[in-house]
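Participant: Test case, fold it:
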Amino acid sequence: MSVYKIMLRNEEVKDFVTKASECDFDIDVSYNHLTVDAKSILGVFSMDLRQILTVTCNGFSAEFDRYLDRYAVAC
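Facilitator: Below is the predicted model of the structure:
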């Protein structure tokens with residue numbers, strides 16, 4: 001399991017969901033007590049995108065890992 005802290009803008013959500021959907025493992029996005037499937041565009045849009053989001057990957061993809069590095073924030 002890998003955990004990342006990211007920030008997304010509205011215009012980046014579609015690409016994020018597309019990249020997450022290419023992975024063959026579960027990926028969750030959470031903020032506070034709300035957790036949604038990263039492969040659900042409506043779920044990701046329901047998040048408060050002004051906040052730092054936690055992405056939890058229940059598997060590993062080097063390509064998706066590099067993709068998430070673009071949105072990583074220092075905590």
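Participant: Strands of this protein, start to end?
Facilitator: 2-6, 27-31, 34-37, 53-57 (DSSP state E).
Participant: right, so of those strands, which gets closest to residue 69?
Facilitator: strand 2-6 (8.5 Å; CB to CB). Every residue, glycine included, has its C-beta placed from N, CA and C.
Participant: got the angle between that closest one and strand 53-57?
Facilitator: Per axes from the mean of the first three to the mean of the last three CA atoms, to 10 degrees, the angle that strand 2-6 makes with strand 53-57 is 160 degrees.
Participant: Counting neighbours, what do you get for residue 62?
Facilitator: As a burial measure, residue 62 scores 7 neighbours (other CB atoms under 10 Å).
Participant: swap in residue 57?
Facilitator: So residue 57, with other CB under 10 Å, has 20 neighbours.
Participant: which stretches of this structure have low pLDDT?
Facilitator: Low-confidence segments of the chain (pLDDT under 70): 75.
Participant: Just want the most central residue of it.
Facilitator: residue 55 (4.5 Å; CA atoms, centre = their mean).
Participant: gap between the closest residue in space to that residue that isn't next to it in sequence and residue 68?
Facilitator: With CB to CB, 6 or more residues apart in numbering as the criterion, residue 55 has its nearest non-adjacent residue at 4.4 Å, and that residue is residue 4. Note on residue 4: its distance to residue 68, by CB to CB, to the nearest Å, is 5 Å.
Participant: Spell out which residues are contacts of both of the two.
Facilitator: Both residue 4 and residue 68 are contacted by residue 55, under the criterion CB atoms under 8 Å, 6 or more residues apart in numbering.
Participant: show me the contacts for residue 64.
Facilitator: Contacts of residue 64 by CB under 8 Å, 6+ apart are 19, 20, 22, 23, 27, 57.
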